[in-house]
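A.B. asks: pasting the sequence and the predicted coordinates here, then a few questions.
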Amino acid sequence: MLGQHAEMRATIARATELIGRVRAGEPVRLALQETLGALADAAHAHNAREEELLRDIIPTVDAWGPARATVMDEQHTLEHQALHAALEAGVRDGDASCDAAEGLLARMLRHMEREEEAVLSEEVLRDDSVITHYFGG
């Protein structure tokens, strides 16, 4: 799943670069739409796989597990809605649509960072139930 995050980050970087080129007047809107479409597909596949793998595990990892599972589900729903809205709106000539696309990309990056910390970290997804470093040892 972390590998999928890395691939999505690369696609986000490509989309950000294309947004800059759209703003500079280059005719790359189609490439940007294709990149955003690829990102939407990657996010959908990633979220489906993550939910498949973690749906039963996350609620049991610790006392916060049920809350972690709820946050994961809510974030995925919001992420899908935002991606589809961005794709439907497209990136037009105006800076407002570029701003909206950049906002969405930044939101996706923040989402992945939070997810890696709250759901995918080694401290959350560990095999043992005993934490041995309470006092730094």
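C.D. replies: Great, that's in hand. All values reported here derive from a predicted model rather than from experimental measurement. Residues are numbered from 1 along each chain as shown.

A.B. asks: so, low pLDDT: which residues of the chain?
C.D. replies: For the chain, the stretches flagged by pLDDT under 70 are 61, 84, 86-95, 118-137.

A.B. asks: try it again at 90.
C.D. replies: With pLDDT under 90 as the threshold, the chain has low-confidence stretches at 1-3, 29, 33, 36-37, 40-41, 43-101, 103-104, 107-108, 110-112, 114-137.

A.B. asks: now do the helices in it.
C.D. replies: Applying DSSP state H to the chain gives helices spanning 2-23, 29-54, 65-89, 95-118.

A.B. asks: redo those helices as TSV? Include mean neighbour count.
C.D. replies: C-beta coordinates here come from the backbone N, C-alpha and C atoms, glycine included. Output for the helices of the chain, formatted as TSV (neighbours: other C-beta atoms under 10 Å):
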stretch	mean neighbour count
helix 2-23	16
helix 29-54	16
helix 65-89	15
helix 95-118	16
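
A.B. asks: starting at the chain centroid, how far to stretch 10-23?
C.D. replies: What separates the centre of stretch 10-23 from the centre of its chain is 16 Å, taken as C-alpha atoms, centre = their mean, to the nearest Å.
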